[in-house]
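Undergrad: Provided below for reference: sequence and predicted model.
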Amino acid sequence: MSHARAHTALLQALPPRYGQVLLDLLDRLEAGATFTDEGCCCSFSHGALVESVGQWVARAGQALDAA
């Protein structure tokens, strides 16, 4: 995830909100990395976060294409 954070040129090419959302998703993925069981007592869902990152990638690509 540090690799994703290091792409400052990409994040600067996108509207500021995209960077904020990506960093939030990465923070949540890192925080939940210790949870391996989807059925744990918390509301963490690794699959849902991965899906959200995929959606972010698709929308960021659209934003870059439109720029």
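TA: Arrived safely, thanks for sending.

Undergrad: number of nearby residues for residue 22?
TA: 22 (other Cβ atoms under 10 Å). Backbone N, C-alpha and C define where each C-beta goes, glycine included.

Undergrad: give me the nearest residue to it, chain neighbours excluded.
TA: residue 56 (5.9 Å; Cβ to Cβ, 6 or more residues apart in numbering).

Undergrad: that neighbour reaches residue 26, doesn't it?
TA: No - at 9.9 Å, residue 56 and residue 26 do not qualify as touching, with contact defined as Cβ atoms under 8 Å.

Undergrad: quick one: low-confidence parts of the chain?
TA: The model of the chain has pLDDT under 70 over residues 35-44.

Undergrad: can you give me the helices in it?
TA: Applying DSSP state H to the chain gives helices spanning 2-5, 8-13, 16-31, 46-66.

Undergrad: ok, residue 15 - contacts?
TA: residue 63 (Cβ atoms under 8 Å, 6 or more residues apart in numbering).

Undergrad: actually residue 64, sorry about that
TA: Counting by Cβ under 8 Å, 6+ apart, residue 64 touches 13, 14.

Undergrad: any idea how far it is from residue 53?
TA: Here residue 64 is placed at a distance of 16 Å from residue 53 (Cβ to Cβ, to the nearest Å).

Undergrad: same check, this time on residue 63
TA: 15 Å.

Undergrad: looking at those two, which is more packed in?
TA: In this view residue 63 and residue 53 are compared by other Cβ under 10 Å, and residue 53 has more residues nearby, 18 against 14.

Undergrad: does that one touch residue 29 like I think?
TA: Yes - contact criterion Cβ under 8 Å: residue 53 and residue 29 qualify, at 7.4 Å.

Undergrad: report the contact partners of residue 23.
TA: Neighbouring residues of residue 23 by Cβ under 8 Å, 6+ apart: residue 5.

Undergrad: what sits closest to residue 29 if chain neighbours are left out?
TA: Per Cβ to Cβ, 6+ apart, closest to residue 29 is residue 49, 5.3 Å.

Undergrad: can you give me the neighbour number for that neighbour?
TA: So residue 49, with other Cβ under 10 Å, has 16 neighbours.
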